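Colleague: Coordinates only, no sequence provided:
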């Protein structure tokens, strides 16, 4: 049976359910609350996600939103090339992604007003405009709270670290940071997963028994301390991973078949993407990957051409192809973003572009997202969205929905304050059309 969407993003079959139960006093808002609680079958197709953070703020006009007909003070030095989808063009320095445009969607005309790195980063990693009085949890913490872990592998892994915070949810939802990127063809050791200095599993078990005795001693205090509760969960997770061959094998990219490894280049980003795909296959719920260097105030086109765009092109295209080949793309949502775009008008004295949140791009794939689309549009010189545009809140709501998470669900801080997961976001139905 075909599944269609109504204009507000509710699928037709679920809308009919709302109509049928409305006569008994159950309203649409009640229905949505039931859906968020898992009492209505979710149509989400993703079970896990990979979030790629392009730290520094990539230039939209030189990557996924070129303006070849703009005035010279805006246009830049790169030419657009045709992708595998007729009518969609991207930068000439992204040829592999151009070939695989059918696997992902470009969101153009994403817009906000926070031009500082820290604030912009917090915004796009939470879907909520930052407040001085509250620290919002990042997507990884939300996914872990809603979906939980999956066996003896870490549920949330950051390669090598993450800008996402746990906020008011507490440290029990923090990621395992690998601390480094893997090297091609070599076993990857993560601190805490490999036992060195002659340490044996028997010794680990004896220490675990001692910890259990201490836990019983301090049980009353633990029940009143979010920090102790979080650290205890960390300890349990570390123990299960250290003693689990499955967890250690999940991090060993050298165990991948040579044919699969050949999809990925030798850069740290390529190998991080390979590791993320392997972890997701093993049962990890959420991975973040960092690719920095996009703060191109100086030598914008030299840096993009020689390193940044080719690195992104190689690693991201291999990740999408690898997930597709393993039949995992539909069950894994991939979300790529920086904290903002860069000024359409060129800084001629420095040969670069500066911070610019008014117009930027984001990418999304998998998890029920229909690939081969360029949604939204910027104006002739990419200074603003042509119409309303999309906010980071809207993209966040849509991203979480691919995982069956209702962004309107409320959490409570430890003081009892009710907080909606994403307060101001609205689903983007075209992503799934």
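Modeller: Structure received. From a predicted model like this one, the values you see are computed outputs, not experimental measurements. Numbers count the residues shown, from 1 in each chain.
Colleague: C-alpha only now, for contacts and for neighbours.
Modeller: Will do.
Colleague: can you map out the helices along the stretch 201-350 of the chain?
Modeller: Secondary structure of the stretch 201-350 of the chain, counting by DSSP state H, counting those that start in this stretch: helices at 201-217, 219-222, 226-242, 245-250, 258-261, 268-282, 300-303, 309-325.
Colleague: can you pull the contacts of the nearest residue to residue 323 once chain neighbours are set aside?
Modeller: The shortest distance from residue 323 to any non-neighbouring residue, by C-alpha to C-alpha, 6 or more residues apart in numbering, is to residue 329 (4.8 Å). In this structure, residue 329 makes contact with 320, 323, 365, 366, 367, judged by C-alpha atoms under 8 Å, 6 or more residues apart in numbering.
Colleague: so which of those would you say is closest to residue 163?
Modeller: Minimum separation from residue 163 among the contacts of residue 329 (C-alpha to C-alpha) is found for residue 365, which lies at 21.1 Å.
Colleague: pretty sure residue 372 is in contact with residue 101, am I right?
Modeller: Yes: with contact defined as C-alpha atoms under 8 Å, residue 372 counts as touching residue 101 (5.3 Å).
Colleague: how many neighbours does residue 310 have?
Modeller: Number of residues near residue 310 (other C-alpha atoms under 10 Å) recorded here: 16.
Colleague: swap that for residue 187, sorry
Modeller: For residue 187, the tally of surrounding residues (other C-alpha under 10 Å) stands at 15.
Colleague: In terms of pLDDT, where does it sit?
Modeller: The model reports residue 187 with a pLDDT of 77.
Colleague: rewinding a little: of residue 372 and residue 101, who's got more company?
Modeller: residue 101 (24 against 19).
Colleague: per-domain residue ranges of the protein.
Modeller: The chain breaks down by automatic domain parsing into domains covering 1-43, 47-184+251-431, 191-248.
Colleague: measure the second one end to end?
Modeller: As for domain 47-184+251-431, its first-to-last residue distance stands at 18 Å under the measure C-alpha to C-alpha, to the nearest Å.
Colleague: how far does that domain sit from the chain's center?
Modeller: 6 Å (C-alpha atoms, centre = their mean, to the nearest Å).
Colleague: Quick one: low-confidence residue ranges for the stretch 201-350 of the chain.
Modeller: Low-confidence segments of the stretch 201-350 of the chain, defined by pLDDT under 70, are located at 201-243.
Colleague: mind redoing it with 90?
Modeller: Applying pLDDT under 90 to the predicted model, the residue ranges of the stretch 201-350 of the chain that meet it are 201-249.
Colleague: Next, give phi and psi for residue 363.
Modeller: Note on residue 363: backbone dihedrals following degrees, to the nearest 10 are phi -120, psi 150.
Colleague: Go ahead and confirm it touches residue 338.
Modeller: No: with contact defined as C-alpha under 8 Å, residue 363 and residue 338 do not form a contacting pair (10.0 Å).
Colleague: Spatially central residue in the protein, please.
Modeller: residue 51 (2.1 Å; C-alpha atoms, centre = their mean).
Colleague: Remind me what the host helix or strand of it packs against, helices and strands.
Modeller: Element membership of residue 51 [criterion: DSSP states H and E] is strand 48-53. Judged by 3 or more C-alpha pairs under 8 Å, 6 or more residues apart in numbering; DSSP states H and E, the packing partners of strand 48-53 are helix 268-282, strand 286-290, strand 332-337.
Colleague: Point out the most buried one among the ones you listed.
Modeller: For the helices and strands packed on strand 48-53, average neighbour numbers computed from mean count of other C-alpha atoms under 10 Å are highest in strand 286-290, which has a mean of 26.
Colleague: Residues touching it, excluding its own?
Modeller: Residues from elsewhere that reach strand 286-290 (C-alpha under 8 Å, 6+ apart): 48-55, 140, 143-144, 155-162, 269, 272-273, 276, 280.
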